[in-house]
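*Asks:* Next input, structure requested:
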Amino acid sequence: MNFLKKLAPQMALAESQLHKSAALHTSAVCCRVQSGRYRITTKRNRPLTYEMANPPHFIGHRKSWNSWNTSTLKDSQRPSQTAIEDLFIRKFITGTWHALVCSEIIIKRQHNTIRVASIIRQGISPRKMYFLIGYTEELLSYWMQCPVTLELQTVADKKDVVFKYI
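*Replies:* Reported below is the predicted structural model:
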């Protein structure tokens with residue numbers, strides 16, 4: 001009997017928590033869609049590129065994906081490894097090309113080749129730029145064990161890629 005008296009409060013607590021977790025939420029699904037959107041600043045001085053200016057539901061209509069691969073198809077191999085490799089490539093390029101990348105880094109995978117596209121600011125001499133292109137392609141090709149090609153476009157100023165201010 002003493003055992004049941006000690007156990008009764010714990011059972012009541014577990015039962016009350018069970019009822020709390022089984023509640024049904026009936027609000028609209030899309031009442032607060034905020035992910036992937038940028039807040040408007042008070043002075044409207046935040047620059048956005050074209051890709052950033054379009055909300056996420058326009059992917060496939062007015063903007064495109066940042067990674068082009070077929071590893072997320074049904075029964076495909078290595079989807080998690082591909083996502084981690086894409087993250088590594090983006091971090092490596094933003095670190096190597098420090099303060100020079102002006103837009104998103106687009107990664108396109110075709111067969112055994114990885115093509116990386118981006119817009120770079122002309123903040124360094126052409127000799128250093130060619131060195132960084134070769135350095136980046138060589139190291140990424142060695143680490144990914146497949147050919148990596150950089151497709152870079154250059155702009156004179158970072159303001160050239162600004163689509164609008166919010």
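*Asks:* how about the strands in the chain?
*Replies:* Using DSSP state E, the strands found in the chain span residues 47-48, 67-68, 106-110, 113-121, 148-155, 164-165.
*Asks:* now the fourth one: how far from the chain's centre is it?
*Replies:* Here the centre of mass of C-alpha atoms in strand 113-121, compared against the chain's by C-alpha atoms, centre = their mean, to the nearest Å, lies 15 Å away.
*Asks:* same deal with the last one?
*Replies:* Using C-alpha atoms, centre = their mean, the mean C-alpha position of strand 164-165 is found 21 Å from that of the whole chain.
*Asks:* So what touches that strand?
*Replies:* The contact list for strand 164-165, computed with C-beta atoms under 8 Å, 6 or more residues apart in numbering, reads Arg44, Asn45, Arg46, Pro47, Leu48, Ala53. C-betas here are computed from N, CA, C, even on glycine.
*Asks:* Mind listing the residues bridging to the residue nearest to the second one when sequence neighbours are not counted?
*Replies:* The shortest distance from Asn45 to any residue that is not its chain neighbour, by C-beta to C-beta, 6 or more residues apart in numbering, is 6.0 Å, and that residue is Tyr165. With DSSP bridges as the criterion, the beta-bridge partners of Tyr165 are Pro47.
*Asks:* Any idea how many residues pack against Trp97?
*Replies:* 22 (other C-beta atoms under 10 Å).
*Asks:* Can you verify my assumption that it contacts Ile120?
*Replies:* Yes: under the criterion of C-beta atoms under 8 Å, Trp97 makes contact with Ile120 at 6.2 Å.
*Asks:* Now do the helices for the protein: every range, in order, please.
*Replies:* 2-21, 50-53, 79-96, 126-144 (DSSP state H).
*Asks:* check contacts around Ser141.
*Replies:* Pro147, Val148.
*Asks:* Distance-wise, check it relative to Glu151.
*Replies:* 15 Å (C-beta to C-beta, to the nearest Å).
*Asks:* Tell me which of the strands of the chain sits nearest to Tyr135.
*Replies:* Of all those, strand 148-155 sits nearest to Tyr135, with 10.3 Å by C-beta to C-beta.
*Asks:* and the closest one, what does it pack onto?
*Replies:* In terms of contacts (3 or more C-beta pairs under 8 Å, 6 or more residues apart in numbering; DSSP states H and E), strand 148-155 is packed against strand 113-121, helix 126-144.
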